[in-house]
Every structure is written in C-alpha cells, then in structure tokens.
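Asker: from the sequence below, what's the structure:
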Amino acid sequence: MSRVAIVAALPREIAALVRGTKPDAGLLRQGIHLHEIGSAVVVAGGMGATRVTRAVQAALARADVAMLVSVGLAGACSAEVAAGSLVEAGEVVDALTGERFATESAGPVLATIGAIASVQEKARLLAAYGAAAVDMEAATVGRLARAHGLTFRAVKGISDAHDFELAALERFTGKHGHFRTRAFALHTALRPHRWTKTAKLGRDSGRALAAMTAALQVDLRER
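Answerer: Have a look, this model is predicted:
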C-alpha cells in the first residue's frame with residue numbers, strides 16, 4: 001500500500017504526531033528524524049532546501065510514497081492570518097525562482113524563501129505574490145513531488161503574525177539545520193526585555209502545532 005510522507009524541518013514540529021515511536025537510529029546520526037506511524041512516514045531533517053531534500057530522499061527510500069506533505073511552522077504575511085492558526089496552502093511559490101507548485105487543496109498562497117523572514121520581507125511577499133504565509137521548505141517539497149510524480153500538500157501552523165519580527169533567530173541555526181534551543185534559551189534569559197515577546201512566540205507556536213497535529217491525525221485516520 002502506498003503511504004504518505006509527512007515532511008517537517010524540526011523534530012519539535014512532528015513530536016506530538018510521532019509520540020510513542022522511536023526514530024530510525026541510523027538516520028539519526030545524519031540529523032534525520034524518521035518515524036513510521038501506520039500509513040505514514042514522518043520525517044524531520046532540518047531547515048532549508050538542502051536538509052529537506054535529504055529528508056524527502058530518506059522517506060522515499062523507506063516506503064512506496066504516493067503523497068508528500070510539507071508541514072511545520074510558518075510566519076504570517078497578512079494581517080488576516082492569525083498567529084496560532086492553521087493554514088493549508090492551495091499553491092506554493094518559490095520566491096527565489098518564481099516557480100509555483102499547486103497542491104491538492106483550495107487554499108491561500110504560501111511563499112518559500114531561503115531564510116527566516118523579517119517583517120519587511122513578509123510585506124514584500126504579500127505584495128508580490130499575495131502570500132498569506134511564508135516558510136523555508138515547502139517549495140522544495142513541491143518540486144520533489146513534481147519530479148517524482150507525487151501529489152503534494154502543504155499544511156502549516158502559524159507561529160508569528162505579519163508584524164512579528166523573527167529574523168534575529170537565524171543565528172541559532174546549528175548543525176544539520178536544526179534549531180539550537182539551548183543557545184536561544186540562554187540568549188533570551190540574559191535579556192529580560194525580550195521575555196514577553198519570546199513567551200508569546202512560544203504560546204502561539206504551541207497552539208499552531210497543536211492545531212496542525214490534530215488536522216494531520218484526522219487525515220491519517222481517514223486514510
């Protein structure tokens with residue numbers, strides 16, 4: 001039976017979905033967290049195009065995959081998209097190349113760029129593409145789905161509003177494209193003026209991931 005490959009950047013983004021399972025030990029040494037749950041292969045390989053490509057390759061090597069689903073956190077580009085909410089894109093646009101990738105859904109535009117988006121960049125993506133949200137991986141997943149003749153979806157939890165500045169987090173990207181949580185926590189602990197903003201980001205990200213996980217669980221049960 002063909003399976004769904006659910007592809008994220010960070011292990012945190014799939015943690016609730018794969019709770020109770022263990023990642024493949026061999027792939028873990030490469031920074032790839034791959035789990036199998038029922039009809040799905042769930043994998044997180046790090047942020048950015050190179051790392052998500054490796055994650056998809058690992059999933060395709062593991063199972064007969066019919067659909068790629070790009071999941072994880074994204075930032076809002078429009079004031080109409082609230083932090084903590086869920087967005088399923090109808091189209092993904094690569095803001096670097098202009099390529100567009102249609103999904104299986106009827107939803108808004110999701111833009112993909114190569115870095116964490118600043119407030120200024122979010123506004124530009126809204127103006128240029130009508131993008132409701134922005135991430136760093138979905139266009140690569142869409143491109144790989146097209147190359148392999150697979151169907152494609154993009155389901156994103158919204159961690160931050162259109163006017164919330166996140167670009168400074170770029171410095172906390174570590175080995176294998178994973179987020180250096182301890183370094184970020186220490187950096188924040190020494191800067192009390194950032195505590196309120198960081199706490200809001202944590203709450204909104206948590207709500208967004210809970211909504212995303214619930215939606216994916218429903219989809220998997222229906223399969």
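Asker: so where do the helices sit in the protein?
Answerer: When secondary structure is read from DSSP state H, the chain shows helices at 11-14, 25-28, 49-62, 119-129, 138-147, 181-189, 195-222.
Asker: these: which one's closest to Val155?
Answerer: With respect to Val155, and counting by Cβ to Cβ, the nearest of those is helix 195-222 at 6.0 Å. Bear in mind the C-beta positions are built from the backbone N, C-alpha and C, glycine included.
Asker: would you single out the least confident of the helices of the chain?
Answerer: Note on those: helix 181-189 shows the lowest mean pLDDT, a mean of 55.
Asker: quick one on the thing from earlier: can you lay out the helices of the chain as JSON lines showing distance to Ala82 and mean neighbour count?
Answerer: Below are those laid out as JSON lines (distance: least, Cβ to Cβ, whole Å; neighbours: other Cβ atoms under 10 Å):
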{"stretch": "helix 11-14", "distance to Ala82": "19", "mean neighbour count": "22"}
{"stretch": "helix 25-28", "distance to Ala82": "35", "mean neighbour count": "12"}
{"stretch": "helix 49-62", "distance to Ala82": "26", "mean neighbour count": "20"}
{"stretch": "helix 119-129", "distance to Ala82": "14", "mean neighbour count": "18"}
{"stretch": "helix 138-147", "distance to Ala82": "20", "mean neighbour count": "23"}
{"stretch": "helix 181-189", "distance to Ala82": "24", "mean neighbour count": "13"}
{"stretch": "helix 195-222", "distance to Ala82": "9", "mean neighbour count": "16"}
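Asker: who wins for proximity to Leu68 among those helices?
Answerer: Each of the helices of the chain has some distance to Leu68 by Cβ to Cβ; the shortest is helix 138-147, at 4.4 Å.
Asker: so how far is that closest one off the chain centroid?
Answerer: Its chain's C-alpha centre and that of helix 138-147 lie 13 Å apart, by Cα atoms, centre = their mean, to the nearest Å.
Asker: residues making contact with it?
Answerer: Residues lying outside helix 138-147 but in contact with it, judged by Cβ atoms under 8 Å, 6 or more residues apart in numbering, are 7, 49, 52-53, 56, 67-70, 74, 89, 92-94, 99, 101, 103, 110, 112, 150-152, 154, 156.
Asker: now that helix against helix 49-62, angle please.
Answerer: If you take axes from the mean of the first three to the mean of the last three Cα atoms, to 10 degrees, helix 138-147 sits at 40 degrees to helix 49-62.
Asker: got the CA coordinates for stretch 130-141 in CSV?
Answerer: Listed next in CSV are the C-alpha coordinates belonging to stretch 130-141 (Å, rounded to 0.1, in the frame of the first residue of the first chain):
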residue,chain,number,x,y,z
GLY,A,130,-0.5,37.6,-2.4
ALA,A,131,1.2,35.2,0.1
ALA,A,132,-0.7,34.5,3.2
ALA,A,133,2.3,32.9,4.9
VAL,A,134,6.0,32.2,4.4
ASP,A,135,8.2,29.2,5.2
MET,A,136,11.7,27.8,4.2
GLU,A,137,10.9,24.3,2.8
ALA,A,138,7.5,23.9,1.1
ALA,A,139,8.7,24.8,-2.4
THR,A,140,11.4,22.3,-2.3
VAL,A,141,9.0,19.6,-1.2
